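Novice: coords please:
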Amino acid sequence: MRIRTALAIAALAASATFALAGCAALEPVSPPVPTADSTSSPAPSTDPSAAWLDGGRGIGLVTFGSSSLACTPAAQDVTADGQTITVTLADPDPNAACTMDFAPRATFVAVPESVDPTKDVTVLFDGGGFQGRLPLAGGSGLRTGGSSDGKPSAGWFSDNGILLLIWGSSTCRPVVSDLVEDQDGKGATVTFQTDTTQVCTMDFVPRITVLGVNAPADPAGYALTLKGDHLDGKVTVIG
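Specialist: I've put the predicted structure just below:
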């Protein structure tokens, strides 16, 4: 089943798509929603949320606002006290050109090595116009500490919202061209645009894409099949 995603799947966040040159008024963008042919589902929440990424070595913090990369909150400081992670978000650049849409953006937060992701965690965040406390359930399959293996990973941040983490160049961010759910409701195929002419920097950073799917009856084992842009593979969604 082909589904609609929030403006090309709202590929934003710490790995958003790109910043527009001006602040032209755009039609508002919805957060991840059910399929285009569904009209009975309730409106999704726009409250901040979080998801495990990178096997427990990272967290994606979701806030809502302009999809422009320059207007996506960035983690300025991250500390831990026991199982409580405190994230200070940087204040936005007052001169940044922000689009007038309203979409989910994800900020990558590296989990301090003292935190045990197999146990429940509390995420406190403040700054950049946001403040809150989010509980995040631990998982037995998550890992403690260590550096990233650089492989794609994904996590549920809502019943029908997925964060997909892909590491790579900060100037050549993944752009989703299509997303099709499996007929059995146990996964989806995500196809990326491939641009062989683009010049990419040699840095290696976390880039998060926000995906909207139908809420599965059982999210356990839900998997994303990645195609295109040298990202062929399969990723099981955490959460």
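Novice: list the contacts for residue 118?
Specialist: Residue 118 sits next to 56, 138, 139, 140, 142, 144 when contact means CB atoms under 8 Å, 6 or more residues apart in numbering. C-beta: built from backbone N, CA, C; applies to glycine.
Novice: residues contacting the second one?
Specialist: In other words, residue 138. Per CB under 8 Å, 6+ apart, neighbours of residue 138: 116, 117, 118, 119, 120, 121.
Novice: wait, what's in contact with the last one?
Specialist: Read it as residue 121. Per CB under 8 Å, 6+ apart, neighbours of residue 121: 83, 84, 85, 115, 135, 136, 138.
Novice: follow-up on the earlier one: what subset of the contacts of residue 118 is buried?
Specialist: 56, 138, 139, 142 (16 or more other CB atoms under 10 Å).
Novice: what's the closest of those to residue 74?
Specialist: residue 56 (21.6 Å; CB to CB).
Novice: roughly how far does that closest one sit from residue 179?
Specialist: Here residue 56 is placed at a distance of 26 Å from residue 179 (CB to CB, to the nearest Å).
Novice: now swap in residue 201 and tell me
Specialist: 27 Å.
Novice: name the helix or strand for the most centrally placed residue in the chain, please.
Specialist: In the chain, the residue lying closest to the centroid (CA atoms, centre = their mean) is residue 163, at 3.3 Å. Take DSSP states H and E as the rule and residue 163 turns out to sit in strand 161-168.
Novice: can you give the distance from that strand to the centre of its chain?
Specialist: 5 Å (CA atoms, centre = their mean, to the nearest Å).
Novice: for the closest residue to residue 132 other than its chain neighbours, the count of nearby residues, please.
Specialist: Distances taken as CB to CB, 6 or more residues apart in numbering put residue 48 closest to residue 132, at 5.2 Å, once the chain neighbours are dropped. For residue 48, the count of nearby residues is 20 (other CB atoms under 10 Å).
Novice: quick one: the strands in this protein?
Specialist: Here the chain has its strands, by DSSP state E, at 49-53, 58-65, 75-81, 84-89, 103-110, 121-127, 130-136, 153-158, 161-168, 176-181, 187-192, 205-212, 223-227, 233-238.
Novice: so which of those is nearest residue 97?
Specialist: strand 58-65 (13.7 Å).
Novice: between residue 201 and residue 179, which one's more packed in?
Specialist: A count of neighbours by other CB under 10 Å puts residue 179 above the other of residue 201 and residue 179, at 20 against 11.
Novice: need the contact list for residue 152.
Specialist: 164, 165, 166, 167, 226, 231, 233, 235.
Novice: sort those residues by pLDDT and name the bottom one.
Specialist: On pLDDT alone, residue 231 ranks lowest of these, at 90.
Novice: so it touches residue 164, yeah?
Specialist: No: taking contacts as CB atoms under 8 Å, residue 231 lies outside contact range of residue 164: 9.7 Å.
Novice: sounds good, over and out.
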